[in-house]
Structure formats: structure tokens, C-alpha cells
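> fold the following for me, if possible:
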Amino acid sequence: MANSPLFTPLDLPNGSTLSNRLCKAAMEENLAEQPGQYPGERLFTLYDRWAKGGVGMLLSGNVMVDPSALTGPGGVVLEKGTDLEPFRKWAEIGKAGGAQFWLQISHPGRQMYKSLGETAVSPSGVALDLGKFSDLFAPVRALTVREIETIITRFADTAEAAQDAGFDGIQIHGAHGYLVSQFLSPLTNRREDEWGGSLENRARFLLQIVEKVRQRVKLSFGVGLKLNSADFQRGGFAFEDARQVVEWLNGHGLDFVELSGGSYESPAMQGNPQEGSTGEREAYFIDFARDIAKVADMPIMVTGGITKLSTAEAALEHDEQGFGVELLGIARAMASDPDLPNHWREQSNAEAELPQVGWKNASLKGLATMALTKAQIERMAAGKQPGMGGWPVKALLADQMRANKRAKRYREWRQQCGAS
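Numbers count the residues shown, from 1 in each chain. You can find the predicted model right below:
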């Protein structure tokens, strides 16, 4: 590739060309069961299951760069000075099947639950608007310039720690309404200093994270990015903005950019395709990804709605000029069928069946859909088959009970550590 000798998309380990280009990309966020938000046995069991499934690359769910800012109460935290032994074990397990294993590193910004007992931060202090569900989230305040610079350093610290623990690379989470995405969007970034205003200023936070991370890790260590193709909100981060940001990222040492879309307020990543895409619920960011690939000097990965072998094969087709997508994320599909890449190699089980929720309320539907997927992941973490997650209402209640239990443990840990 243009920027790093780590790998080419077709040379990922683990068998056939198609399997090499499939990634289990970032689903679990609530499985830290050890004091200190460390990875533990349940997470090891889960990744042992996925590592045997035939995928070319494993991408973890959110690993947090700041212990005071978690996407969920069971989130794993990796920062400077963290005991790396549990992470070394996690890396060994994830790579045991021949796949590469990268950590997705993240900061939630304003998308943080109130139950954690923390104050959320964002570029401008704009709170989430989820109607009657807004009260589930923590109060939010605007970041100071010094805090912005500290968070940039935290991303670099976590990347370096991941390298020391034996992972193959990291992916910066810049999508789905988390902090990097909040800086990029004019809906959440209303700053009037050098970190806000024009797209160039709004992209400064992301570009400085990429630059600082690449400075701190070896060239052989992978650095990727997850980026929204759009926010899917009127007046938000648009496709043209994503295309421009990718152009600015050329030459910055990125090994790939994964394209997704949406946020908690507009959960397009759960199945709200753009008009004219491949299918109603299939590869719903693929058209955006193919267009952005034309201006990118790094490989493009796409995630969202890929459940069929035929869809995966079609998504990887290039145009007459040779432009196209190189890597596919199939996280939700592998929550339903952890052996899906092996099945596709064997030409069996051509489609993974995903849990579906038919509720009309979009926010509640999104929460229930994720709760069903979490239920599948929890079953695999306990050494069981994933099933279909059960009934939506029951899955929501069970997810809330787990979250409350883990939030209590998190708050106790923070108090023991002297956090304010």
C-alpha cells in the first residue's frame, strides 16, 4: 500500500481471497468483567470463538482511551500505564486462528450514559436529542483547548500500548456520533476557535490524532480509521464532507478507512440505507464507499448490512477503472453465525439471519435491535451458541439489568481510584 508495508488487502492471512477480505468489525462494548475495566475470561471466550470462524481480520469493539469516558459500563479501558498482561492474552487469543487482530480505540464524547456517574464532554456542549430517551445520557459540557490536546495524546498513548501488547494495529473510531464524529459534524461542533467552524477546522481534531498516533507507533503497526460516510441528519456531516476528509488523510499513513454512517440520534448503521443503494438492508453504505475509493490512496472498507455471500462478492467488485472496496465488515452477521467466513468458503449457509425488530419508534427499535445482538454476544461469551437473541422486550430488560450491574461496579472502581 501507499503508506505502510504492514499488509495488502489481498494478503491478509487465513485462506481464501474472500475470507481474507472479511473483518469481524467492532460489535461488543460491554464485556469488561474485571476491576479496572480490563478484558477478562468472558471476552477471551468470545474472541476465541470468533478467531476460529475464518475471518481475515478481527476488529475489537470500542476500547476506551479515557477511564472517565466509556461508551458503556462494561467498556474496556487501555491507557498509559495500564497492566498489559490481560491485553497480551487477548491479543494471543484473537490471533490464534491466523487472523490479524486490531483494537478499535474510541472516546464517546457526549454519547455516554448517565448511569456511569460522569459528566460527558463534547466540542460545544450540545446534548443528545433522543426525545424521551434523552435522560438516559450524562450531562454534557464543552471541552477546553487544553482538554482537546490531552485527548489527542490519549489516543496516541492507547495506540502505543496496543502495539506493546501485541496487537497488529488500531482503528480510530471517527464514526457513529462518538467524539471524533462530533468534531466533524456542524450540528455538534459550534466552536468559533481553530477547532470549529470550517470543515478544515472541524477535521483538525481527527487529523492531529492520526498524525500523533502514526508518530508514536512503528511503521509496521497498522493504523486504520472508521469514518461516517454521512450523519444522515439534516445539516450534519455530509457525504461531500467525508470525501474531502479522506482526501486530506491521503499521505498520513493510514492503512485503511472503514466507512459507516449515522449516530445514536440517527442509527443508519442499523439499516437506514441511502437512496439507490445495493438493497433495502444489504451493504447500505457500499455506493458511498465506492465513490470515496476514487479519491483515496488507502484501501476502503465498508460495513453495514452484509449478510449474504452474494452481497459480499458483489460489494468487492471493482469498476472498469479499478476503483472499489477492498475490505468488508460483517460484525452483526458474525454475532449470529460466528463461523460465517468458513461457511462461505465451503459454499454453505449463504446468508446469516439477523434478529429483527418491527417497532415503529426508531430510537426504541435501534435500542432493541442492539439488545438482541448483545444477547447473542453474551451467549457466546458464556460458551453457548448465539441463537437469535430472544424476544426484544426481554432482551432490552436483560441488557438494562446487565448495564446497571456493570455501571455500579464501574462507579465503585472510579471511587476507589479517587476519581471526582
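> name the nearest residue to P35, ignoring sequence neighbours.
Setting aside the residues directly before and after it, P35 is nearest to W413 in space (C-beta to C-beta, 6 or more residues apart in numbering), at 5.7 Å. Where C-beta positions appear, they are placed from N, C-alpha and C, glycine not excepted.
> check V77 too.
Q37 (4.0 Å).
> what sits against the one you found?
64, 67, 70, 74-77, 410, 413 (C-beta atoms under 8 Å, 6 or more residues apart in numbering).
> could you redo the last one with a cut-off of 7 Å?
67, 75-77 (C-beta atoms under 7 Å, 6 or more residues apart in numbering).
> now the strand or helix carrying the residue nearest to P35, how far from the centre of its chain.
If you go by DSSP states H and E, W413 is part of helix 392-416. Distance, stretch centre to chain centre, for helix 392-416: 21 Å (C-alpha atoms, centre = their mean, to the nearest Å).
> ok, residues contacting it?
30, 35-36, 72-74, 115-117, 357, 367-368, 371-372, 374-375, 389.
> returning to what we had before: ok, now how distant is the residue nearest to V77 from R406?
10 Å (C-beta to C-beta, to the nearest Å).
> quick one, strands of the stretch 251-400 of the chain?
256-260, 300-303, 327-329 (DSSP state E, counting those that start in this stretch).
> same list (those strands) but as a markdown table, adding mean neighbour count and distance to R190.
Converted to a markdown table, the strands of the stretch 251-400 of the chain look like this (neighbours: other C-beta atoms under 10 Å; distance: least, C-beta to C-beta, whole Å):
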| stretch | mean neighbour count | distance to R190 |
| --- | --- | --- |
| strand 256-260 | 28 | 24 |
| strand 300-303 | 27 | 29 |
| strand 327-329 | 26 | 31 |
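> can you redo these as CSV with mean pLDDT and distance to V213?
Formatted as CSV, the strands of the stretch 251-400 of the chain follow (pLDDT from 0 to 100; distance: least, C-beta to C-beta, whole Å):
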stretch, mean pLDDT, distance to V213
strand 256-260, 94, 14
strand 300-303, 92, 18
strand 327-329, 94, 20
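> I209: which of those strands is closest?
strand 256-260 (13.6 Å; C-beta to C-beta).
> quick one: distance of that closest one to the chain centre.
10 Å.
> could I get the buried residue list for stretch 121-138?
Neighbour-count burial for stretch 121-138 flags 121-126, 128, 130, 137-138 (criterion: 16 or more other C-beta atoms under 10 Å).
> distance between the ends of it?
End-to-end distance for stretch 121-138, by C-alpha to C-alpha, to the nearest Å: 9 Å.
> report the rounded mean pLDDT for that stretch.
Mean pLDDT, stretch 121-138: 93.
> I'd like the numbering to begin with 22 instead of 1 from here.
Taking 22 as the first residue, the last one we looked at is stretch 142-159.
> ok, and what's touching it?
130-135, 137, 139-141, 161-164, 168, 203-204, 209-212, 216-217, 285-286, 384.
> now with 8 Å?
Here stretch 142-159 has contacts from 90, 130-137, 139-141, 160-164, 168, 200, 203-204, 208-212, 216-217, 226, 285-286, 384-385, 388, using C-beta under 8 Å, 6+ apart.
> returning to that earlier point: just the buried ones from the contacts of helix 413-437?
Buried among these (16+ other C-beta under 10 Å): 51, 93-95, 136-138, 378, 388-389, 392-393, 395-396, 410.
> burial measure for the residue nearest to G118 when sequence neighbours are not counted, as a count.
Spatial nearest neighbour of G118, chain neighbours left out: A72 (3.8 Å); criterion: C-beta to C-beta, 6+ apart. Counted by other C-beta atoms under 10 Å, the residues lying close to A72 total 22.
> what's the closest of the contacts of Q58 to A251?
G96 (26.0 Å).
> for the closest one, which non-adjacent residue is closest in space?
M85 (5.0 Å).
> hmm, that neighbour is touching L91, no?
Yes. Applying C-beta atoms under 8 Å, one finds M85 in contact with L91, separated by 5.2 Å.
> so what sits against both of these two?
In contact with both M85 and L91: 58, 98, 129, using C-beta under 8 Å, 6+ apart.
> phi, psi of the second one?
Read it as V98. phi -120, psi 130 (degrees, to the nearest 10).
> of the strands of the stretch 272-421 of the chain, which is nearest L270?
Checked against C-beta to C-beta, the stretch from the strands of the stretch 272-421 of the chain lying closest is strand 277-281, at 7.0 Å.
> so what strands line up beside that closest one?
Sheet pairing for strand 277-281, assigned by DSSP bridges, gives strand 243-249 (parallel), strand 321-324 (parallel).
> got these as CSV, with distance to I193 columns?
Below are these laid out as CSV (distance: least, C-beta to C-beta, whole Å):
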stretch, distance to I193
strand 243-249, 5
strand 321-324, 13
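> so which of those gets nearest D360?
strand 321-324 (19.1 Å).
> quick one: contacts for L248?
195-196, 263, 266-267, 278-281.
> need those in a markdown table with distance to G119, can you?
Rendered in a markdown table, the data for the contacts of L248 read as follows (distance: C-beta to C-beta, whole Å):
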| residue | distance to G119 |
| --- | --- |
| G195 | 28 |
| A196 | 28 |
| A263 | 33 |
| V266 | 33 |
| V267 | 30 |
| V278 | 24 |
| E279 | 21 |
| L280 | 26 |
| S281 | 26 |
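> show me which of those residues is closest to Y68.
Looking across those and measuring by C-beta to C-beta, the closest to Y68 is E279, at 19.1 Å.
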